[in-house]
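[1] For reference, the sequence and a predicted model appear below.
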Amino acid sequence: MIIKILGSGAGGGFPQWNCNGIHSSAVRAGKPGYRPRTQSSLAVSSDGRNWVLLNASPDLRQQIADNPELHPEKTGPLRNSPVKAAVLTNADVDHIVGLINLRERQPFSIYGSDRVLATIKANSIFDVCANDIVPRIALPLDEKIKLTGDGIDLGLTVEAFAVPGKIALFLEKGGEDTNYGSREGDTIGLEITDNKTGRSFFYVPGCAEVDAPLAQKIKGAELIFFDGTLFTDNEMIDQGLMQKTGQRMGHISMSGSDGSLEVFKPLGIKRRIYVHINNSNPALDENSPARKDVEAAGWEVGYDGMEVRL
């Protein structure tokens with residue numbers, strides 16, 4: 001099984017188009033220790049020919065161009081694609097907007113929770129992915145589903161499970177005092193299994209906390225790609241970028257007594273890779289104390305183009 005990080009950044013990418021913060025400015029200036037990142041998405045394949053997207057980033061067209069594995073087969077039909085399915089973990093803009101790049105009557109399958117698929121259905125722009133050749137398939141929670149696309153068995157099984165989170169920002173109605181806590185299906189995690197080898201990994205790019213059910217689910221895993229949005233809960237406020245904490249946005253921080261660096265310690269997960277990293281996160285600076293803390297704890301900071309094989 002081949003896993004590629006197409007985009008390792010959070011919403012807006014890195015640098016963010018309108019951001020002049022310390023880290024976006026540094027990467028834009030080419031400062032050593034910083035590398036650009038597109039928005040959050042992975043791709044996985046059991047055979048190296050047929051691929052499944054895990055989330056569809058707004059930067060998907062660029063990501064396909066940057067990864068030859070996702071190019072049309074040279075000896076194939078005039079219109080063809082190795083992208084056979086997309087599995088969505090929530091309805092955030094940085095995870096669904098890329099679907100419109102997959103128009104032009106190309107067959108593939110869209111998988112997501114009932115609530116995420118309802119959001120897509122309510123926005124007619126997504127009908128550019130023609131309903132007659134692009135099925136939308138609901139993922140029941142805690143059930144193993146074999147992935148198919150364009151009439152092909154993709155050799156992979158997905159199991160979706162609820163994780164603590166919140167509804168997408170653009171779906172919020174009300175003021176800052178409103179409780180935007182997650183309902184089942186707003187945010188899901190995925191376990192992807194290679195049907196031939198039985199080996200699997202977890203993908204949880206958005207998560208508000210590692211509660212007991214989630215900890216039990218991922219304990220002892222071989223590999224996880226996990227929410228690395230912020231290093232500290234208040235960092236966007238402290239940097240003058242936004243008056244919201246990570247918790248308000250539905251994201252756990254890396255540091256702190258209830259941060260991912262600490263709560264993962266007893267879980268015995270062999271390999272841990274951060275993805276969905278916000279432009280405010282000091283761990284983006286490869287020479288920073290924050291990056292040293294991350295690496296000392298045995299974590300890796302994912303980057304665009306990173307490939308992992310199981």
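    Perfect, thanks for sending it. Residues are numbered from 1 along each chain as shown.
[2] which parts of the helix or strand harbouring Gly189 are buried?
    Element membership for Gly189, per DSSP states H and E: strand 188-194. For strand 188-194, a neighbour-count test (16 or more other C-beta atoms under 10 Å) marks 188-194 as buried. C-beta here means a position set from N, CA and C on the backbone, and glycine is covered the same way.
[3] Which of those sits closest to Asn55?
    Leu190 (9.6 Å; C-beta to C-beta).
[4] In contact with that closest one, which residues are there?
    With contact set as C-beta atoms under 8 Å, 6 or more residues apart in numbering, Leu190 has these partners: 54, 87, 89, 158-161, 202-204.
[5] any weak-confidence spans in the stretch 201-310 of the chain?
    246 (pLDDT under 70).
[6] how distant is the strand holding Gly189 from the center of its chain?
    Centroid displacement of strand 188-194 relative to its chain, using C-alpha atoms, centre = their mean, to the nearest Å, is 12 Å.
[7] mean confidence score for that strand?
    Averaging pLDDT along strand 188-194 yields 97.
[8] so what's Thr229 up against?
    Thr229 is in contact with 10, 206, 246, 249, 251-253, 276-278, 281, counting by C-beta under 8 Å, 6+ apart.
[9] With Ile2 as the reference, measure out to it.
    As judged by C-beta to C-beta, to the nearest Å, Thr229 and Ile2 stand 26 Å apart.
[10] likewise Pro266?
    Pro266 is 30 Å from Ile2, by C-beta to C-beta.
[11] Look at the two and report which has more neighbours.
    Taking other C-beta atoms under 10 Å, Pro266 and Ile2 do not tie; Ile2 has more neighbours (16 against 9).
[12] For the closest residue in space to that one that isn't next to it in sequence, what are phi and psi?
    Leaving aside its sequence neighbours, Ile2 sits nearest to Ser45 (C-beta to C-beta, 6 or more residues apart in numbering; 5.0 Å). Dihedral pair for Ser45: phi -150, psi 140, per degrees, to the nearest 10.
[13] before we move on, the earlier item: for Arg136, state which of the contacts of Thr229 is nearest.
    Of these, the one sitting nearest to Arg136 (C-beta to C-beta) turns out to be Gly206, at 20.5 Å.
[14] My guess is that closest one contacts Asn90. True?
    Yes. Counting by C-beta atoms under 8 Å, Asn90 is a contact partner of Gly206 at 5.7 Å.
[15] Between the two, tell me which one has more neighbours.
    A direct count of neighbours by other C-beta under 10 Å for Gly206 and Asn90 places Gly206 higher, at 31 against 26.
[16] how far away is that one from Met1?
    Using C-beta to C-beta, one gets 23 Å for the distance from Gly206 to Met1.
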